[in-house]
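> following is a predicted model, sequence given first.
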Amino acid sequence: MRKKLNIGDKTGRRVSIIGCGNIGISLLLGLLRGQTIPAENITATRRNIRELDYLKEYGVRLMADNLSAIKESDLIIIAVKPYNIVNVLEELKDHLNPGKQLVVSVTAGVPISKIEEVIGSRVPIFRAMPNISASVGKSVTCICHNEAKRKEIESVVSLFDIVGTTMIIDEDLMESATILGACGIAYVLRFIRAMIQGGIQIGFDATTASAIVNQTVKGAAELLIERHQHPEFEIDKVTTPKGCTIVGLNEMEHNGFSSSLIKGLVASFDKIEK
Ligand SMILES: NC(=O)c1ccc[n+]([C@@H]2O[C@H](COP(=O)([O-])OP(=O)(O)OC[C@H]3O[C@@H](n4cnc5c(N)ncnc54)[C@H](OP(=O)(O)O)[C@@H]3O)[C@@H](O)[C@H]2O)c1
């Protein structure tokens with residue numbers, strides 16, 4: 001994992017998020033939380049703009065008009081669903097400023113070549129795949145790009161560094177990144193839910209079970225991140241011979257725990273590849 005660039009934001013750059021739904025709002029909240037880019041330099045759009053009324057108190061600019069939104073923007077994040085992206089790009093294409101603006105698509109499954117087909121390649125184009133924990137500054141965002149200058153790449157990377165950690169990857173791994181990082185958070189959340197249900201069965205109320213499980217999962221992840229260890233290395237420390245942990249783990253494996261996770265992940269990948 002790269003170190004954060006942490007170049008701050010002395011540039012006064014402006015960001016617009018076109019199509020502010022689930023992931024757009026997560027990014028918006030993460031940017032606000034990061035306090036690097038002033039709220040008034042962030043614009044969010046969607047057609048049913050009243051749905052974003054609750055964000056007014058943060059001081060961000062909210063509008064339904066994409067063209068007004070991008071007018072002053074240096075970074076234009078497109079966060080619409082795949083079936084809407086071509087229409088949005090068609091709308092924007094004659095109003096982009098190649099010397100000044102960068103386009104970043106977080107739309108899953110739409111290659112840079114397809115975006116170039118609509119808006120050309122004069123404006124640098126990035127694909128980024130964050131996840132919803134961007135809202136709490138904990139996303140991992142995989143990024144790829146077409147021909148872009150070092151400064152432009154740094155600009156996009158430093159933006160996503162505000163909402164978590166970032167990695168530059170080859171575009172042909174972008175679908176894998178979508179599954180592992182963006183869909184991945186749902187797999188982990190389902191795992192957490194199951195742990196909580198188990199915790200309730202063995203005696204805890206839901207609130208206490210959630211508190212124990214959430215912190216345990218956070219601790220497990222931080223252990224691996226900080227110590228750069230393989231999970232099995234840490235598991236060995238918990239599994240006393242003939243003890244309760246190994247009995248439970250083996251029972252889970254007999255019931256297909258790892259296998260079902262891998263199969264589910266591959267099923268998601270097969271679906272995105274179609
Ligand atoms: N959700 C995630 O965890 C996640 C993570 C990474 C990437 N992604 C990708 O990001 C994309 C969006 O996903 P999502 O879950 O955020 O979907 P979403 O909640 O449906 O958000 C998309 C937003 O786009 C708006 N929109 C549609 N057409 C528009 C237009 N012409 N102009 C302006 N706004 C427009 C929609 O609002 P209106 O109908 O009001 O316009 C909607 O709020 C998908 O490709 C997804 O794969 C999602």
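Received it, and whenever you're ready, just let me know what you need. Quantities reported herein were computed from a predicted structural model and do not represent experimental measurements.
> can you tell me the SS state at the single nearest residue of the stretch 51-200 of the chain relative to the ligand?
Scanning the stretch 51-200 of the chain for the residue nearest the ligand gives residue 108, at 3.1 Å (criterion: CB to the nearest ligand atom). The way it works is simple: take the backbone N, C-alpha and C, and place the C-beta from them, glycine included. Residue 108 carries the three-state label coil when classified by DSSP: H, G, I helix; E, B strand; the rest coil.
> now do the contacts for the closest residue to it other than its chain neighbours.
Counting by CB to CB, 6 or more residues apart in numbering, residue 108 lies nearest to residue 178, which is 4.9 Å off, once chain neighbours are set aside. With contacts taken as CB atoms under 8 Å, 6 or more residues apart in numbering, residue 178 has the following neighbours: 108, 109, 129, 272.
> going by neighbour count, which of the residues you listed comes out on top?
Across the contacts of residue 178, neighbour numbers were computed from other CB atoms under 10 Å; residue 129 holds the maximum, 29 neighbours.
> surely residue 62 forms part of a strand?
Yes: counting by three-state DSSP, residue 62 is located in a strand.
> what's opposite it in the beta bridge?
When assigned by DSSP bridges, residue 62 has beta-bridge partners residue 44.
> that one contacts residue 55, doesn't it?
Yes: Residue 62 is within contact range of residue 55, at 6.2 Å (criterion: CB atoms under 8 Å).
> which phi and psi does the residue lying farthest from the centre of the chain have?
Computed with CA atoms, centre = their mean, the maximum C-alpha offset from the centroid of the chain is found at residue 242, amounting to 40.7 Å. Taking degrees, to the nearest 10, you get phi 70, psi 10 for the backbone angles of residue 242.
> for residue 258, see how far away it is.
Here the criterion is CB to CB, to the nearest Å. By it, residue 242 lies 22 Å from residue 258.
> again with residue 161
In this view, residue 161 and residue 258 are 32 Å apart by CB to CB.
> who has more neighbours, these two?
The residue with the greater number of neighbours, taking residue 161 and residue 258 and applying other CB under 10 Å, is residue 161; the counts read 22 against 10.
> could you check the pLDDT of residue 72?
You'll see residue 72 listed with a pLDDT of 88.
> residues in contact with the residue nearest to it when sequence neighbours are not counted?
Excluding the flanking residues, the one nearest residue 72 by CB to CB, 6+ apart is residue 14, at 5.2 Å. Residue 14 makes contact with 41, 42, 43, 72, 73, 74, 75, according to CB under 8 Å, 6+ apart.
> repeat that with 6 Å
Residues counted as contacts of residue 14 (CB atoms under 6 Å, 6 or more residues apart in numbering) are 41, 72, 73, 74.
> where does the first one land on pLDDT?
Spelled out, it's residue 41. Looking at residue 41, the pLDDT reads 96.
> residue 2 too?
Residue 2 is given a pLDDT of 46.
> buried set for stretch 128-140?
Neighbour counts over stretch 128-140 (16 or more other CB atoms under 10 Å) mark 128, 129, 130, 131, 132, 133, 134, 135, 137, 138, 139, 140 as buried.
> what about it, distance to the chain center?
A distance of 4 Å separates the centroid of the chain from that of stretch 128-140, by CA atoms, centre = their mean, to the nearest Å.
> same deal with stretch 247-262?
Taking CA atoms, centre = their mean, one finds stretch 247-262 lying 28 Å from the centre of the chain it belongs to.
> with stretch 117-132 instead?
Remark: stretch 117-132 is offset 15 Å from the chain centroid, using CA atoms, centre = their mean.
> mind listing residues that contact it?
Residues outside stretch 117-132 that contact it (CB under 6 Å, 6+ apart) are 26, 86, 89, 93, 96, 98, 101-106, 112, 115, 139, 141-146, 148, 152, 156, 174, 177-178, 181-182, 185.
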